[in-house]
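Enquirer: When you get a sec, could you give me coordinates for this:
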Amino acid sequence: MAPFGQNQYGLGAGAGAARSTAQVDQGLRTFMLGVYNNMILGLAISAMVALGVNKLAVTSDPAQAAARMGGQYLTNFGKTLYGSPLMWVVALAPLAFIFLFSMRMNTMSAASARGTFMAFAAVMGASLSTLLLRYTGASVTQTFFVTAAAFGGLSLYGYTTQRSLSGIGSFLMMGVIGLVIASLVNIFLASSALQFAISAIGVLLFAGLTAYDTQKLKEMYVYGNYDGETAAKASVFGALTLYLDFINMFQFLLSLMGNRNN
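Expert: Predicted structure coming up:
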């Protein structure tokens, strides 16, 4: 979600010989391919964990149900996961990983960063499993593919455009902060109209961030002069950035177009 720049993360290698245009182009393609591969793998892990947790938490047999939530029958596991304080642990665990990344990004090896990212994706999948309680499987699947198509187009635009998107970065981040504040306020107001506005604005903000962050990653590599280990680690942090853009855009779109379980 946050822009990943060379100075911000201290990942740029100042030493090294000047690279030719061909070397930069080839290295950039390899770097961005690593970013997208890590991101797609993270999304796949999140999807599989969310589905697996949902299968363990939900039953279609009322006789085996320990509770009912979101129009669905819960198993004992589901009741413990969603109906006890453990729910808050699962919901807040992804934030703990974000803080871990923030504190250790400069000291992690590429392998440690990748392993931590995959663990984060698994924890995020468990947290996202609640969406399968609130929304139908068909609408979750449909929204996922809509998000994937939108994300692909926006990221491609950010990668290929010659126009600098740096001017909108601060505006987008201020918008995200405002969105978080509005979401917290709406917890107490429970206004459906405000929730609709939050979701619509959220889609627009993370659509813009997808293009912006892609361009920042491209510029980070071009001007960074990376060695192999540093580039591999930077590709993981870049994948985290785009992963968060995707997940946020997906959740806001689902809030707008998803069909809720009865």
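
Enquirer: Mind jotting down where the helices sit in the stretch 151-262 of the chain?
Expert: Using DSSP state H, counting those that start in this stretch, the helices of the stretch 151-262 of the chain run over 166-189, 192-224, 228-257.

Enquirer: okay if I get those as CSV plus mean neighbour count and distance to residue 71?
Expert: C-beta coordinates here come from the backbone N, C-alpha and C atoms, glycine included. Below are those laid out as CSV (neighbours: other CB atoms under 10 Å; distance: least, CB to CB, whole Å):
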stretch, mean neighbour count, distance to residue 71
helix 166-189, 13, 22
helix 192-224, 20, 18
helix 228-257, 21, 16
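
Enquirer: now those helices as a markdown table including distance to residue 141 and mean pLDDT?
Expert: Formatted as a markdown table, the entries for these read as follows, by distance: least, CB to CB, whole Å; pLDDT from 0 to 100:
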| stretch | distance to residue 141 | mean pLDDT |
| --- | --- | --- |
| helix 166-189 | 25 | 92 |
| helix 192-224 | 18 | 94 |
| helix 228-257 | 11 | 94 |
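
Enquirer: Can you lay out these as TSV showing distance to residue 52?
Expert: As requested, the helices of the stretch 151-262 of the chain are exported to TSV (distance: least, CB to CB, whole Å):
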stretch	distance to residue 52
helix 166-189	28
helix 192-224	26
helix 228-257	18
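
Enquirer: Relative to residue 23, which of those helices is closest?
Expert: Distances from residue 23 to each of the helices of the stretch 151-262 of the chain were compared using CB to CB; the shortest belongs to helix 192-224, at 11.0 Å.

Enquirer: helices and strands around the closest one, which ones?
Expert: Using 3 or more CB pairs under 8 Å, 6 or more residues apart in numbering; DSSP states H and E as the contact criterion, the elements in contact with helix 192-224 are helix 6-9, helix 21-57, helix 137-160, helix 166-189, helix 228-257.

Enquirer: okay, the closest residue to residue 72 other than its chain neighbours: pLDDT?
Expert: The shortest distance from residue 72 to any residue that is not its chain neighbour, by CB to CB, 6 or more residues apart in numbering, is 5.1 Å, and that residue is residue 58. Looking at residue 58, its pLDDT stands at 92.

Enquirer: so who does residue 58 touch?
Expert: With contacts defined as CB atoms under 8 Å, 6 or more residues apart in numbering, the neighbours of residue 58 are 72, 73, 74, 75, 78, 132, 133.

Enquirer: quick revisit: nearest to residue 125, out of the helices of the stretch 151-262 of the chain?
Expert: Between residue 125 and these, the shortest gap by CB to CB is with helix 228-257, which sits at 10.1 Å.

Enquirer: From the chain's centroid, how far away is that closest one?
Expert: Taking the mean C-alpha point of helix 228-257 and that of its whole chain, the gap between them comes to 4 Å (CA atoms, centre = their mean, to the nearest Å).

Enquirer: on that earlier part again, any chance of the helices and strands packed on helix 192-224 in a markdown table with distance to residue 123 as columns?
Expert: Rendered in a markdown table, the data for the helices and strands packed on helix 192-224 read as follows (distance: least, CB to CB, whole Å):
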| stretch | distance to residue 123 |
| --- | --- |
| helix 6-9 | 22 |
| helix 21-57 | 8 |
| helix 137-160 | 19 |
| helix 166-189 | 20 |
| helix 228-257 | 12 |
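
Enquirer: so which of the ones you listed gets nearest residue 218?
Expert: Ranking the helices and strands packed on helix 192-224 by their distance to residue 218 (criterion: CB to CB) puts helix 137-160 first, at 5.8 Å.
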